[in-house]
Each structure stands twice: as structure tokens, then as C-alpha cells.
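Novice: Dropping a prediction and its sequence here:
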Amino acid sequence: MTTEREFALDVVRKLRDAGFEALWAGGCVRDQVLGLEPHDYDVATNARPEQVQKLFRRTVAVGVSFGVVEVLGPKVEDEFLKVQVATFRVDGPYDSGRWPTSVRFCSAEEDARRRDFTINGMFFDPVENRLIDYVGGQADLKAKILRAIGDPRQRFGEDKLRLLRAVRFAARFELTIEPATANAIREMASQITIVSAERIADELRKLLTNRNRVRGVRLMKEVGLLAPVVPHGNVWEHTVAVLDRLPEQVHFPLA
């Protein structure tokens, strides 16, 4: 039975055999560096979306205008394996604090430097078993630091949900938010309300179902995100106490 990792490797090999550059990217690389099993795999490539669609038999156009195509693999336990394949890109100006108004296809290094945090900006070559790190993500993981790539205000200005994602990643991986990144979060915390309630709720579910949920909520308060997102008032300490008593693994329904 093909595993998700094996399928992600097959996708990279097929792109390479067709003459393209292809690497694992983002969270799966971070998790691998930490010795964790990735939940899913993303591939970054210099192949254009239409070239990816032509190369693979079953694809879903999830974001062709942003260079993203989902490649479907064999069915395992009634679900198709899938890997998102994204063309290396640089984003133009952002609209409404979420989407770039345009993208420009580029090199792997340029692509890495437009991503959110250094720990998420690494690439991995699964064919040559080689880490490719243009942004210092490996060093930051070793030092247990969460750092925005480049200017943190620019990164948070592009997508305001990154303000909350910074806290979730810091809590989940037990990282310290570096001063410039933390200061930018404090300055921009009130802008989190621009993000849709659905996206905020999804991020909070991920934070609250993690074993480090109490640290996450305390971090939200420290950087000024708690008040705009969660009404707490006089129930703050009671809420933290309740969260602290929850079992390590919890499940929150989606609705």
C-alpha cells in the first residue's frame, strides 16, 4: 500500500524526470527536521500549473491563478492520496489582508523569502536527501525561536491570520517569539478582526486541541490577541484553569 510520503516522493521524481526542479516545501519539511511525521506533503516546483496538469493524470485546479494544483494519487482507505504542487512564486500587493492581487513565478530562493516564518520556509530534496534552507529555519528550530521572514510587519500585513498562526506555532513547538516579530504582533493585534470568523475559528481549534493549549492562550494574551478574538473579562483565569485540566488529546467539533 502506497503511503503519503511515498506518493509525495513519486510526484517529485516525476517532475524531475520531466526536466523540472521539484522539492518538498513548508510544514512537512519543518516536521521532518523536528523528527515528526508530517500530516501532509507540499511540493514546490518551477513547473507552471498547466505543465503540472499535463504531466499528471488526475489533478484538481485548487488555485491555478496562484500556481497551485492538487495532484491525486491512489486510493487508500477510501480516500485518494493528494499532494499540493505549487509553482515557485513571488506575491504582488495583497488585497483585504489575505490574497495577493498578482503573482510572479520565480526561483526557489525567492519563493522561500516570501513565506511567513523561517521554520516554514525550508525546502527538502527527497531524492538527494538534502535540506535547502535560504532563510535560517533550521537554526531557528535548533534555537527554539519563531521568527518572521524579512520584515514582520510586511509578513503580517500580507495575511493578518499570520498574527494568530505565529502564536499557534510558538505554542505547539514550544518556541520563543523573537522580539521584532513579537513587537509587530502587539502593534497589529487589533487588525486580526479583518480576518473572517471562519478562518479565526479554524486557527483557534488547532491551538486549543494541542497539548500546549494553555501556553497558547497565555501567549495570545501577552501579545494582545486575546481581547480582539476571545471575550474574557473576569473569566480569564477560570478559562485557563479549565483548559489546563483537559486531557492531553481533545477534540472540538467543527460546528
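Specialist: Nice, thanks for sending it over.
Novice: Any stretches of the stretch 101-250 of the chain with poor pLDDT?
Specialist: Applying pLDDT under 70 to the stretch 101-250 of the chain flags residues 231-250.
Novice: Which residue ranges of it form helices?
Specialist: Secondary structure of the stretch 101-250 of the chain (DSSP state H, counting those that start in this stretch): helices at 108-112, 137-143, 152-158, 162-172, 179-188, 197-208, 213-222, 226-229, 236-245.
Novice: Distance to residue 34 and mean neighbour count added to those, as a markdown table?
Specialist: In this view, the C-beta of every residue, glycine as well, is placed from N, C-alpha and C. Below are those laid out as a markdown table (distance: least, CB to CB, whole Å; neighbours: other CB atoms under 10 Å):
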| stretch | distance to residue 34 | mean neighbour count |
| --- | --- | --- |
| helix 108-112 | 18 | 19 |
| helix 137-143 | 6 | 16 |
| helix 152-158 | 22 | 19 |
| helix 162-172 | 10 | 24 |
| helix 179-188 | 19 | 18 |
| helix 197-208 | 17 | 16 |
| helix 213-222 | 17 | 20 |
| helix 226-229 | 27 | 17 |
| helix 236-245 | 24 | 12 |
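Novice: Can you check which of the ones you listed gets nearest to residue 118?
Specialist: Nearest of these to residue 118, taken as CB to CB: helix 137-143 at 4.1 Å.
Novice: what sits up against that closest one?
Specialist: The contact list for helix 137-143 (CB atoms under 8 Å, 6 or more residues apart in numbering) reads 30, 33-34, 117-122, 131, 146-147, 173, 175.
Novice: do stretch 45-58 as well
Specialist: Under the contact criterion CB under 8 Å, 6+ apart, stretch 45-58 has outside partners 11, 14-15, 18, 20-23, 59, 61, 64, 67-69, 71-73, 80, 85-88, 105, 107-108.
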